[in-house]
Every structure is written in structure tokens, then in C-alpha cells.
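Undergrad: Everything below, folded, please.
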Amino acid sequence: QVQLVASGGGLVQAGGSLRLSCAASGSFFSINAMGWYRQAPGNERELVATITSGGSTNYADSVKGRFTISRDNAKNTAYLQMNSLKPEDTAVYYCSADITYYGGSYYREYKYWGQGTQVTVSS
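TA: Sure thing, here's the model as predicted:
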């Protein structure tokens, strides 16, 4: 069983910064891509940023230049550094991990989600 634990959300003024963390634990073969998504009230969940195990990154246009995703593979942890925060960044942020299991003769990949962490940016 895999657990993803997200932390680091909170209340910050516009222009401020927050750093989110997402730690994966459990028994598995490998963690492939990790990512952050967010969901604001009344909106669908949207991609914020992803990072592969090799460090390749992808960002939503709305956060490019302000947010940075990184990961520590030794700690099975991904981070989201959020700078120059705007009120429209207010949302519940969810982390995800694509995790591979080895079944003796096959590999299977599953997507796991962490619990959300609230980010509120006041104007």
C-alpha cells in the first residue's frame, strides 16, 4: 500500500511564497512521474506541474516563471515552490505519483493521489 502525504499549504498574502511537499511511502518498485494539481471551488481539477524521475518538468502556462517543481528521489518526495502568489492561485492542491509495481513477470503502473492541502492567497 502506498501513501502520499502532502503538506505546506496555508494562508499567504499576494506576492508571497509557499513550499508544498509530497512524500510517498510504502512498498513499490519505482516512482515515475510526480505532479501537483489544484482544484478551486466550482472548478475542475487542473494540472499545475509535473516532473519525471529524470527531472524533466512541465508547467501550466498560468504558473510558468512563478512555480518550480522539484523532487528528491532518495526521499521519494516532490516539492512545489510557489512564488509571487496571486489570489487566483487559491485552491486545494493535490499531489500525485505514478508508481510501478513488479509482479515477478510484469510491471504495472498506478496513479496515486495525496490528500489535498489548502492554499489561500489574500489580496
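
Undergrad: Could you look up the SS state of the spatially most central residue of the chain?
TA: What sits nearest the mean C-alpha location of the chain, by Cα atoms, centre = their mean, is residue 36, with 2.6 Å. Put simply, residue 36 is strand when judged by DSSP: H, G, I helix; E, B strand; the rest coil.

Undergrad: my guess is it contacts residue 48, does it?
TA: Yes: using Cβ atoms under 8 Å, residue 36 is in contact with residue 48, at 4.3 Å. Glycine gets a C-beta too; all of them are placed from N, C-alpha and C.

Undergrad: shared neighbours, these two?
TA: Jointly contacting residue 36 and residue 48 under the rule Cβ atoms under 8 Å, 6 or more residues apart in numbering are 69, 80, 93.

Undergrad: list the contacts for the closest residue to the first one other than its chain neighbours?
TA: Take residue 69 and drop its neighbours on the chain: the residue closest to it by Cβ to Cβ, 6 or more residues apart in numbering is residue 49, 4.0 Å away. The neighbours of residue 49, taking Cβ under 8 Å, 6+ apart as the test, are 35, 36, 57, 58, 59, 60, 63, 67, 69, 80.
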